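K.L.:
A predicted structure for the sequence below; I have some questions about it.
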Amino acid sequence: MARKRQSEEHKANHERWLITYSDLITLLMVFFIVMYAMSSVNQKKYEALAASLKAGFNTSTGSNMITDYQGQKMVTTMQMQEDKQLREAENKIKEYAKKNALDKSIHLKINERGLVISVVDRVLFNSGEAQLTEQAKNVLTQIVSIIHLLPNHILVEGHTDNIPIHNGRFPSNWELSTTRATQVIAYFINNGFSPNKLSAAGYSQYRPLFANDSEQNRALNRRVDIVVLRTIMQTKTGNEEKNIVIKSSVQNQ
């Protein structure tokens with residue numbers, strides 16, 4: 001009788017691995033379900049999975065994890081689309097400048113602020129003046145035709161060199177740089193740009209690209225920058241990078 005009981009206990013011990021095996025299979029199934037759901041941006045799937053995890057584990061960790069992942073993925077997608085649009089606009093303006101022998105007068109770059117279109121002042125204005133020339137109107141018309149469909153906010157910045165100006169209209173370079181920027185703004189508005197997307201700034205001589213130590217450098221510093229601002233700005237906090245979504249100021253009217 002004792003031998004029979006020992007035999008039954010020995011047999012039962014061999015079957016305990018099935019419990020561990022079934023737990024492992026269950027965990028693997030949950031893991032693959034989570035991976036599948038996270039591979040496709042589907043709002044309903046995320047909400048259902050978050051609710052399931054929250055109910056199963058009695059915690060909000062699953063919901064927060066999925067929400068953070070979804071938000072970051074959406075921001076990354078938006079950023080990639082915006083970069084593509086800015087590069088396309090940059091290439092079109094470069095092509096126009098090259099065809100019209102303006103590639104040494106119109107300089108473009110994409111940086112953390114967005115697409116910066118720098119136009120030297122001699123293309124837009126006569127010396128010491130803020131009235132747009134006919135050539136300026138042709139150049140700005142082309143730029144408007146390329147960037148006006150973009151949803152981005154546009155900042156127009158006026159810059160001068162360090163040579164003081166004193167005339168009846170402009171007592172200093174502050175007034176000259178600001179007036180030039182607003183003249184470009186006015187032309188944009190007259191050519192169909194929404195005023196809600198536009199802003200102007202004048203920086204006088206205080207944001208030069210190069211040292212004002214030669215006529216060539218001063219000529220490059222006298223410019224108007226048309227900045228197609230990013231809607232997603234990337235900032236760094238310590239060693240971490242963070243994307244900030246900037247809401248457009250354009251409102252439906």
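P.N.:
Alright, I've got the coordinates.
K.L.:
burial check on residue 182, number of neighbours?
P.N.:
For residue 182, the count of nearby residues is 16 (other C-beta atoms under 10 Å). Bear in mind the C-beta positions are built from the backbone N, C-alpha and C, glycine included.
K.L.:
now it: which helix or strand?
P.N.:
Assigned by DSSP states H and E, residue 182 belongs to helix 173-190.
K.L.:
name the residues of that helix that are buried.
P.N.:
173-185, 187-188 (16 or more other C-beta atoms under 10 Å).
K.L.:
name the nearest of those residues relative to residue 76.
P.N.:
Checking the buried residues of helix 173-190 against residue 76 by C-beta to C-beta gives residue 188 as the nearest, at 31.0 Å.
K.L.:
I'd say that closest one and residue 141 touch.
P.N.:
No - with contacts counted by C-beta atoms under 8 Å, residue 188 stays clear of residue 141, the gap being 10.0 Å.
K.L.:
can I get the CA coordinates of stretch 158-169 in PDB?
P.N.:
Only the C-alpha atoms of stretch 158-169 are listed here, as PDB (Å, rounded to 0.1, in the frame of the first residue of the first chain):
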ATOM      1  CA  GLY A 158      15.300  92.400 -41.200                       C
ATOM      2  CA  HIS A 159      19.100  92.800 -40.700                       C
ATOM      3  CA  THR A 160      21.600  95.500 -41.400                       C
ATOM      4  CA  ASP A 161      25.400  95.900 -41.200                       C
ATOM      5  CA  ASN A 162      27.100  98.000 -38.500                       C
ATOM      6  CA  ILE A 163      27.400 101.200 -40.500                       C
ATOM      7  CA  PRO A 164      25.100 103.800 -38.900                       C
ATOM      8  CA  ILE A 165      22.300 105.300 -40.900                       C
ATOM      9  CA  HIS A 166      21.100 108.800 -40.400                       C
ATOM     10  CA  ASN A 167      18.500 110.300 -42.700                       C
ATOM     11  CA  GLY A 168      15.100 111.900 -42.500                       C
ATOM     12  CA  ARG A 169      13.100 108.700 -42.400                       C
END
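K.L.:
would you mark the buried spots in it?
P.N.:
158-161, 165.
K.L.:
ok, now stretch 124-143?
P.N.:
124-125, 129-130, 132, 136, 139-140, 142-143.
K.L.:
show me the shaky parts of the stretch 1-150 of the chain.
P.N.:
Regions of the stretch 1-150 of the chain meeting the criterion pLDDT under 70 cover residues 1-19, 34-73.
K.L.:
any idea how far residue 126 lies from residue 228?
P.N.:
27 Å (C-beta to C-beta, to the nearest Å).
K.L.:
now do residue 27
P.N.:
49 Å.
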